[in-house]
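Trainee: no sequence for this one, just the structure:
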């Protein structure tokens with residue numbers, strides 16, 4: 001449970017998420033992960049990672065890749081296909 005400050009506002013506990021990258025049958029496991037206050041923040045961060053990866057590695061087909069957002073228990077919370085992420089103009 002979160003902690004209360006002097007005004008009685010409760011902080012949300014941080015959750016640990018990992019971004020595993022799936023390219024066809026291969027899975028590249030994120031060994032470090034990161035802390036996020038909400039799943040929505042983790043999804044936004046994943047979308048940013050996808051855009052950067054597609055910019056930096058344009059020769060890898062986006063249709064063969066997805067990012068798996070995984071919680072600290074190893075459960076896949078969300079899968080995002082690279083091709084589903086709009087690219088910045």
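Mentor: Yep, that arrived. All values derive from a computational prediction rather than experimental measurement.

Trainee: how close does the residue lying closest to residue 16 once chain neighbours are set aside sit to residue 31?
Mentor: Using C-beta to C-beta, 6 or more residues apart in numbering and skipping residues adjacent in sequence, the residue nearest residue 16 is residue 72, 4.2 Å away. All C-beta spots, glycine's among them, are computed from the backbone N, C-alpha and C. Taking C-beta to C-beta, to the nearest Å as the measure, residue 72 falls 13 Å from residue 31.

Trainee: in terms of neighbours, single out the busier of those two.
Mentor: Set residue 72 next to residue 31 and count neighbours by other C-beta atoms under 10 Å: residue 72 wins out with 11 against 7.

Trainee: and the more buried one, how far from residue 22?
Mentor: Taken as C-beta to C-beta, the span from residue 72 to residue 22 is 19 Å.

Trainee: and the contacts of the longest strand seen in the chain?
Mentor: When the chain is scanned for its longest strand (criterion: DSSP state E), the result is strand 15-23. For strand 15-23, contacts defined as C-beta atoms under 8 Å, 6 or more residues apart in numbering pick out 27-30, 32-37, 39, 42, 46, 49, 53, 60, 64-72, 76-77, 79.

Trainee: so what strands line up beside that strand?
Mentor: Within its sheet, strand 15-23 is paired with strand 26-28 (antiparallel), strand 34-36 (antiparallel), strand 65-71 (antiparallel), according to DSSP bridges.
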